[in-house]
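[1] Predicted model and sequence below, questions to follow.
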Amino acid sequence: MQRVTSSTVADLFDVAGTRMLEQAAAATLPPHTLMQRAGLAVARLAMAWAPHARAVWIACGPGNNGGDGLEAAAQLQQRGFAPVVTWLGDADRTPPDARASLERARAAGVAFAESPPATWDLAIDALLGIGASRAPDGAMARWLASMHAGAAPVLSVDVPSGLDADTGRLTADPMPPRAHATARICLSLLTLKPGLFTAQGRDAAGEVWLDDLGCDASGAKPAARLAGAPPLHARLHSSHKGSYGDVAIIGGAPGMAGAALLAASAALHAGAGRVFAGLLDGRAALDASQPELMLRDPASLDLSQMTAVVGCGGGAAICALLPRVLSTARHAVIDADALNAIAQDAALKLLLEARGRRAQPTVLTPHPLEAARLLDTDTAEVQADRPHAAQRLADRFGSTVVLKGSGTVIAAPGERPSINLSGNARLASAGTGDALAGMVGAAMASGLPAPAAAREAVWHHGHLADQWPADLPLTASALARGGAR
Ligand SMILES: NC(=O)C1=CN([C@@H]2O[C@H](COP(=O)(O)OP(=O)(O)OC[C@H]3O[C@@H](n4cnc5c(N)ncnc54)[C@H](OP(=O)(O)O)[C@@H]3O)[C@@H](O)[C@H]2O)[C@@H](O)CC1
Ligand SMILES: Nc1ncnc2c1ncn2[C@@H]1O[C@H](COP(=O)(O)OP(=O)(O)O)[C@@H](O)[C@H]1O
Ligand SMILES: [K+]
């Protein structure tokens, strides 16, 4: 059993891939072995996580997820706990594995009840797993609501019931936030699923653990992956500023120079060799506290050997500069208003596609609304399947795509998408995206391929937020300055 952290490197399997693995594993094992292992793993995690829990409520659904809960109930009962099971199954329609576990729970003397106990110290959600086919309703919906509204911790078996395991979309009502992040825990069985880590999945699941049930997934085809912590890059003694590349920040229209300066500061602190600020606001002055930045007229910059970070605070004026950036920049990071300009302009879309065909490294860094505009859809559709939306954008424009938000997805043509687990909602403040664009620019300028540059910068950006002292406000300018590594 393994706890998943922001540093964990792991493959993620969708429901179809998990089912194939389950069938392959079950074919080599005596009947009911997987469910016994699953139930034992749930019981062990429950005992380790809530060792003092006296009243344990296990809510079991009609399928094999419920079977895991029944098996866990039998195991807990045998270890001196006294769980109360509420089971929504119908004896005639229960799948064979779950029926065997039902018999074991009964034989162990587990108490069954029609409705939840009056109070509980730990709730185990074994209502729905990867077989969820619609939004919970009736008793199931009521039990889920009271489980998540209660003060006691919740352990979800395999996936939180009501969460789409492939996408992280909640089909149940949004779960209320919890005072403590550790008050929700999820034991994913056999495989890790993408939906646990993006969209609403992170809030619903809480801390995620994996038990592979003794099965080897190495031959199977994952749907996505957790890229985990990037490698450390040592700097050679013989290197010089030219080794780490030039970054040109192009943006900062009148009234929005701050966004471009945030990106410039972030690129500098993330290790770029030289950073040029090409501000669209000709009257804007550089911050005297950052004399390393070089102010330039954007039209004067020769981008052919540079990494251009374009769009931060760009306003409508960025439109006129985009044809030259898209045609000439050696590497490009396209953010904010530059993305919006491209979304509205067929000629710019063609230029971006042409960059992709020429294999000129490009990273797009949309938040969900910007991604929706580029895909000609709405935010809800993007958020309903973030890995798929990021992959569509990557394939459409031949670019690496960073789809921002909780569980940032990084996609590139011909690669499996990866999901980043560093970062938290303290990043939800103006300008943190500009800082990220600058960090991606620095990583590309150092010579990393676009997908690796995107993954590494996104991880470091989030990691800074995770390490941020609780009593210090997280501002974008401080985040940008903390980008040194
Ligand atoms: N077999 C094994 O040994 C192993 C199995 N494992 C475990 O099995 C889980 C998958 O089991 P599963 O395929 O039975 O699906 P599961 O998630 O229980 O749901 C299907 C049932 O729920 C019902 N249902 C669906 N939606 C509903 C709704 N909204 N409201 C009400 N009912 C709803 C659906 O009914 P139907 O749609 O057919 O009407 C059906 O009866 C997996 O997540 C893991 O925990 C692992 O431990 C590995 C070992
Ligand atoms: N709830 C959250 N959890 C994790 N990361 C978040 C969250 N909210 C925002 N972020 C991160 O903060 C940054 C915000 O970027 P963006 O939306 O472009 O904001 P801005 O335009 O103000 O800079 C992105 O890197 C995003 O992934
Ligand atoms: K569940």
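    Done, it's in. Numbering: from 1, shown residues only. Ligands and ions are numbered 1, 2, ... in the order given.

[2] Now the residue lying closest to Pro177 once chain neighbours are set aside: which helix or strand?
    Closest residue in space to Pro177, ignoring its immediate chain neighbours: Asp203 at 6.9 Å, by C-beta to C-beta, 6 or more residues apart in numbering. For every residue, glycine as well, the C-beta is placed using N, CA and C. Element membership of Asp203, judged by DSSP states H and E, is helix 201-205.

[3] and for that helix, what are the contacting residues?
    Contact with helix 201-205 is made by 156, 159-160, 162-163, 168, 170, 175, 177, 184-186, 194-197, 406-407, as judged by C-beta atoms under 8 Å, 6 or more residues apart in numbering.

[4] Next one: the helix or strand just after it, is it in contact with ligand 3?
    Next in sequence after helix 201-205, counting helices and strands by DSSP H and E, comes strand 207-211. No - applying C-beta under 5 Å from the ion, one finds strand 207-211 separated from ligand 3 by no less than 12.8 Å.

[5] show me the contacts for the closest residue in space to Lys193 that isn't next to it in sequence.
    Spatially, and ignoring its direct neighbours in sequence, Lys193 is nearest to Ala165 (4.1 Å; C-beta to C-beta, 6+ apart). Applying C-beta under 8 Å, 6+ apart, we find Ala165 in contact with 14-15, 18, 129-130, 132, 158-159, 193-196.

[6] Please apply the same query to Phe81.
    By C-beta under 8 Å, 6+ apart, Phe81 lies in contact with 47, 53, 56.

[7] which stretches of the stretch 1-150 of the chain form strands?
    Here the stretch 1-150 of the chain has its strands, by DSSP state E, counting those that start in this stretch, at 2-3, 10-12, 56-60, 84-87, 111-113, 122-126.

[8] Which of these sits closest to ligand 3?
    Closest approach to ligand 3 among the strands of the stretch 1-150 of the chain (C-beta to the ion): strand 122-126, 4.6 Å.

[9] Tell me which strands that closest one pairs with, and in which orientation.
    strand 56-60 (parallel), strand 154-157 (parallel) (DSSP bridges).

[10] Indicate which one of these is closest to Val401.
    Closest to Val401 of the strands paired with strand 122-126 is strand 154-157 (C-beta to C-beta; 29.8 Å).

[11] strand partners of the helix or strand following the closest one, parallel vs antiparallel please.
    Scanning forward in sequence from strand 154-157 by DSSP H and E, the next helix or strand is strand 184-189. If you go by DSSP bridges, strand 184-189 pairs up with strand 154-157 (parallel), strand 207-211 (parallel).

[12] export strand 184-189 as CSV, just CAs?
    Taking C-alpha atoms only, strand 184-189 is exported to CSV below (Å, rounded to 0.1, in the frame of the first residue of the first chain):
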residue,chain,number,x,y,z
ARG,A,184,-11.1,12.4,3.5
ILE,A,185,-9.0,9.5,2.3
CYS,A,186,-9.4,7.2,-0.6
LEU,A,187,-8.0,3.8,-1.1
SER,A,188,-7.7,3.2,-4.8
LEU,A,189,-7.7,-0.5,-5.7
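
[13] Are it and ligand 1 in contact anywhere?
    Yes - judged by C-beta under 6 Å from any ligand atom, strand 184-189 and ligand 1 are in contact via Leu189.

[14] And stretch 13-24, by the same measure?
    Yes - using C-beta under 6 Å from any ligand atom, stretch 13-24 reaches ligand 1 at Glu22.

[15] buried set for that stretch?
    Under the neighbour-count criterion of 16 or more other C-beta atoms under 10 Å, stretch 13-24 has 13-15, 17-18, 21-22 buried.

[16] and the residues you listed, which two are the farthest apart?
    Using C-beta to C-beta, the buried residues of stretch 13-24 span at most 12.7 Å, a distance reached by Asp14 and Glu22.
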